[in-house]
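Novice: what would the 3D arrangement of this be:
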Amino acid sequence: MPYIAAIDQGTTSTRAMIFDHSGRAVAVDQKEHEQIFPQAGWVEHNPEEIWENARAVTAGALAKADLQVGDIAAVGITNQRETTVVWDRNTGKPVYNAIVWQDTRTDKIVDELGALGGGQERYRAKTGLPLATYFSGPKIKWILDNVDGVRARAEAGDLLFGNMDTWLLWNMTGGPDGGVHVTDPTNASRTLLMDLDTLAWDPEIAADLGVPLAMLPEIRSSSEEYGRVRERGVLAGVPIAGILGDQQAATFGQACLSVGEAKNTYGTGNFVLLNTGTEKVLSDNGLLTTVCYKIGSNDTVYALEGSIAVTGSLVQWLRDNLGMISTAAEIEEHARTVEDNGGAYFVPAFSGLFAPYWRSDARGAIVGLTRYVNKGHLARAVLEATAFQTREVIEAMNADSGVPLKSLKVDGGMVVNELLMQFQADILGVPVIRPVVNETTALGAAYAAGLAVGFWASEEDIRTNWAQDKEWTPNMAEETRETQYRNWKKAVTKTFDWVE
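Specialist: Below is the predicted model:
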């Protein structure tokens, strides 16, 4: 059976991809889902829409490649992390929309927990994470506390929790009729509920949050057979054998398999991950300590992560909210009409600021405006915001690891923007390298599934498959680089303390 399938359930869309043994994509199908904004700071998705889309794109990818179920050796799942679904185990119906990772409605819950002692650092020693609205645990608590009758149903054992990986796996393997309720350590490590050392749910933290342990999925490795697709499913009988959160999947797909290797994924947000090996490195500089992957019975591999909330979604905002562009690709055209940003800086703190600040009180700002600034300058400022935020995270990573970054592997939808990639190299002062396969998130999930069923023999096959497409080298003067970065840092301070 010559192919592996992967379902990549992302923040704005769900796609299915099919890969051959060389790691090349032979088919892809993709479908966007609705972004629901009930009020300022709230972001939701309809889990049932996402499940329907997952089935549709899987069928679509098979059809495009002219393949049958028997051609697929296994399927892997990768997903937007932290996005929280609670559903009824008997009916399969969600009790509320999925609360998305960008959502900030849990800020009061976070403040109350921090006030009990330890503040933002309350759970970091166990979980590797600051106490923040970003993670799943406070979102579960919000649903249990605010949706009528839900807490009683949870305590009676009728409700299940999962991130999108668990929601899809449970439905794919039968739903109410025997669905498998499982997650992997990369997703579990993003809930604020898992002990990084034991890879088990922590009863004390769960009690603090009022989350019944019976709601939580079993934590298994990132690469093993969890179950098979239900008989009436698109991939009926195919083993589901890999789960990785999207950023860990991209790290795996980029073959960052050795200590000190790093990648940056440019998607809805940006996520820089540095492989720290089997050592759990706690950050002193605003980064997250997370599980990078766990392949079968092998030792757990950890990572340092810098999470940036808004990058690609800023381009989407420019398109959908302002109508300044009609397609994402147009932004590069506008940005190329000017030589620089004209003194304008755009700090997209729409959901507060993630790494390295962790400021939920921040909100977006455009600063440095004069009559000189035009549409091209604003387009350039939007792209540059992604590169500046990435440098902030890389500097924190260098400080934590003690090893300066020598080059940066990049992937995701925005890496086709060559102006952005050149500016990223310029502002970092190191080469930026794009692989042949941009969509390494789906590829990483495929690798995890393929390793579990023997489609690929070892991680060495992943290294062999990785190939460079293009490299950008810095050509900006050092003085210019530092002046622009200093102005960016000043702009960031203007977003603080907006929400009281």
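Novice: only C-alpha atoms for contact and neighbour calcs from this point on.
Specialist: OK.
Novice: the stretch 201-350 of the chain: helices as residue ranges?
Specialist: Applying DSSP state H, counting those that start in this stretch to the stretch 201-350 of the chain gives helices spanning 203-209, 246-253, 312-320, 330-335.
Novice: okay, these in a markdown table with distance to Val281, mean pLDDT and mean neighbour count next?
Specialist: Shown next, in a markdown table, are those (distance: least, C-alpha to C-alpha, whole Å; pLDDT from 0 to 100; neighbours: other C-alpha atoms under 10 Å):
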| stretch | distance to Val281 | mean pLDDT | mean neighbour count |
| --- | --- | --- | --- |
| helix 203-209 | 21 | 96 | 15 |
| helix 246-253 | 16 | 92 | 30 |
| helix 312-320 | 29 | 91 | 19 |
| helix 330-335 | 38 | 94 | 18 |
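Novice: tell me which of the ones you listed lies nearest to Tyr302.
Specialist: Among these, the nearest to Tyr302 by C-alpha to C-alpha is helix 246-253 (9.8 Å).
Novice: who does that closest one touch, helix- and strand-wise?
Specialist: strand 72-79, strand 262-266, strand 270-277, strand 288-293, helix 440-452 (3 or more C-alpha pairs under 8 Å, 6 or more residues apart in numbering; DSSP states H and E).
Novice: of the ones you listed, which is nearest Glu204?
Specialist: Using C-alpha to C-alpha, the helices and strands packed on helix 246-253 put strand 288-293 closest to Glu204, at 19.5 Å.
Novice: how close does Trp167 get to Gln35?
Specialist: 18 Å (C-alpha to C-alpha, to the nearest Å).
Novice: higher neighbour count, those two?
Specialist: Shown here are Trp167 and Gln35; by other C-alpha atoms under 10 Å, Trp167 has more neighbours (28 against 14).
Novice: tell me if I am right that the more buried one is in a helix.
Specialist: Yes: secondary structure of Trp167, determined by DSSP: H, G, I helix; E, B strand; the rest coil: located in a helix.
Novice: which ones are touching it?
Specialist: Val85 (C-alpha atoms under 8 Å, 6 or more residues apart in numbering).
Novice: how much space separates it from Thr440?
Specialist: In terms of C-alpha to C-alpha, Trp167 sits 22 Å off from Thr440.
Novice: please apply the same query to Leu131.
Specialist: Counting by C-alpha to C-alpha - Leu131 and Thr440 are separated by 29 Å.
Novice: and what of Met324?
Specialist: With C-alpha to C-alpha as the criterion, Met324 and Thr440 are 30 Å apart.
Novice: just want to know which of those two has more residues nearby.
Specialist: Per other C-alpha under 10 Å, whichever of Met324 and Thr440 has more neighbours is Thr440, with 28 against 16.
Novice: hmm, that one is touching Asp246, no?
Specialist: No: taking contacts as C-alpha atoms under 8 Å, Thr440 lies outside contact range of Asp246: 9.2 Å.
Novice: surely Trp142 is in a helix?
Specialist: Yes: read with three-state DSSP, Trp142 is one of the residues of a helix.
Novice: contact partners for it?
Specialist: Applying C-alpha under 8 Å, 6+ apart, the residues near Trp142 are Thr106, Ile109.
Novice: do you know the pLDDT at it?
Specialist: In the prediction, the pLDDT value recorded for Trp142 is 97.
Novice: same check, this time on Lys470
Specialist: pLDDT, Lys470: 94.
Novice: show me the shaky parts of this structure.
Specialist: Residues of the chain that meet the criterion pLDDT under 70 lie in 1.
Novice: which stretches of the stretch 401-500 of the chain form strands?
Specialist: Under the criterion DSSP state E, counting those that start in this stretch, the stretch 401-500 of the chain contains strands at 408-411, 432-435, 468-472.
Novice: can you list the strands that the first one pairs with?
Specialist: Note on strand 408-411: by DSSP bridges, its sheet partners are strand 262-266 (parallel), strand 432-435 (parallel).
Novice: ok, residues contacting it?
Specialist: Contacts for strand 408-411 (C-alpha under 8 Å, 6+ apart): 250, 254, 262-266, 430-435, 438-440.
Novice: widest-spaced pair of those?
Specialist: Val430 and Glu439 (22.4 Å).
Novice: ok, these two, which is more surrounded?
Specialist: Glu439 (20 against 17).
Novice: count the residues that sit near Arg391.
Specialist: Per other C-alpha under 10 Å, the neighbour tally for Arg391 reads 18.
Novice: adjust the sequence numbering to begin at 25 for everything that follows.
Specialist: New numbering, starting at 25: the last item is Arg415.
Novice: pull the contacting residues for it.
Specialist: By C-alpha under 8 Å, 6+ apart, the contact list for Arg415 reads Ile451, Leu452.
Novice: for it, grab phi and psi.
Specialist: When quoted as degrees, to the nearest 10, the phi and psi of Arg415 stand at phi -60, psi -40.
Novice: thinking again about what came up before, could the helices of the stretch 225-374 of the chain go into JSON lines alongside distance to Asn422?
Specialist: Shown next, in JSON lines, are the helices of the stretch 225-374 of the chain (distance: least, C-alpha to C-alpha, whole Å):
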{"stretch": "helix 227-233", "distance to Asn422": "31"}
{"stretch": "helix 270-277", "distance to Asn422": "18"}
{"stretch": "helix 336-344", "distance to Asn422": "24"}
{"stretch": "helix 354-359", "distance to Asn422": "30"}
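Novice: now for these, which one comes closest to Asp323?
Specialist: helix 270-277 (15.1 Å).
Novice: the closest one vs strand 312-317, what angle?
Specialist: Counting by axes from the mean of the first three to the mean of the last three C-alpha atoms, to 10 degrees, helix 270-277 lies at 50 degrees to strand 312-317.
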